[in-house]
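> Sequence first, predicted coordinates after that:
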Amino acid sequence: MTDLNLLTHLETFLTENRKQRFQEVLVNRTNHFTVATEDVYQLHNTSAVIRSCDVFGIQNIHIIEERNRKRIDREIAMGAQKWVNVNRYNHVNESIENLRTKGYQIIATTPHNNACMLNDFDISKPAALFFGTEKEGLSQEVLENADGFLKIPMVGFTESLNISVSAAIILQALTHKLKQSNIAWQLSKKDELATRYFWAKNSIQSSEKIIKRFKEKVD
């Protein structure tokens, strides 16, 4: 639960322009869709997906690093990790269980398995979109536990796209369709407050010291 008094205090350290920008971005943020990447070998691909999440209003990304554990490439992400919640997992089954508990259907992106075409995808239910590596795709564990499969229509000789390109295409299409619908896709008030706190904390230099002093004063 976000401490409203603490949030208000933190926001006194922000400029009016920054607070206004937060509000402008917040109205386009969603948790209706979320993204999960599984054991992506190329670090810049994961970073680029985080950037796409920010661009298209996806507030949470879930990074599974069962075999490959690397830090986020800050240069490629271009600061997007300050605005998108990055959730990390060491095991894919842990991520699937957590996302299902939160009400998400597990959707595996793959060019095979008689997958649903992107334009035909049912956006009415919250979905966690899983992306694997370009070479190997998603693990058998994800494919066996998926509630559905999704693919981008392709008419060339190439059967797959780079993960960051695939994510950008899918997120642009689905978020556009979502915003044209009557679905209540925007953040809940609780998530909105938590996101404001997350952004404010990441925007202020020495925010941890400010938070510590505030809590000591309150106590």
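Happy to help now that I have it. Numbers count the residues shown, from 1 in each chain.

> which residues of the protein fall in strands?
33-38, 60-64, 85-89, 105-109, 116-117, 127-131, 148-151 (DSSP state E).

> Centre of the chain to the first one, how far?
Here strand 33-38 is found 6 Å from its chain centre; the criterion is Cα atoms, centre = their mean, to the nearest Å.

> my guess is A48 meets F131, correct?
No. Applying Cβ atoms under 8 Å as the test, A48 and F131 come out as separate, 11.2 Å apart. All C-beta spots, glycine's among them, are computed from the backbone N, C-alpha and C.

> Report the set of residues contacting both of those two.
Common contacts of A48 and F131 (Cβ atoms under 8 Å, 6 or more residues apart in numbering): A167.

> With mean neighbour count added, can I get the strands of the chain in JSON lines?
Below are the strands of the chain laid out as JSON lines (neighbours: other Cβ atoms under 10 Å):
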{"stretch": "strand 33-38", "mean neighbour count": "25"}
{"stretch": "strand 60-64", "mean neighbour count": "23"}
{"stretch": "strand 85-89", "mean neighbour count": "16"}
{"stretch": "strand 105-109", "mean neighbour count": "22"}
{"stretch": "strand 116-117", "mean neighbour count": "12"}
{"stretch": "strand 127-131", "mean neighbour count": "25"}
{"stretch": "strand 148-151", "mean neighbour count": "20"}
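
> Between those, which one is closest to Q20.
strand 85-89 (21.9 Å; Cβ to Cβ).

> Tell me which other helices or strands that closest one touches.
Using 3 or more Cβ pairs under 8 Å, 6 or more residues apart in numbering; DSSP states H and E as the contact criterion, the elements in contact with strand 85-89 are strand 60-64, helix 92-101.

> What residues sit buried inside the biggest helix by length in the chain?
In the chain, with assignment by DSSP state H, the single longest helix is helix 163-179. Under the neighbour-count criterion of 16 or more other Cβ atoms under 10 Å, helix 163-179 has 163-168, 170-171, 173-175, 178 buried.

> same thing with stretch 204-219?
204, 210-211.
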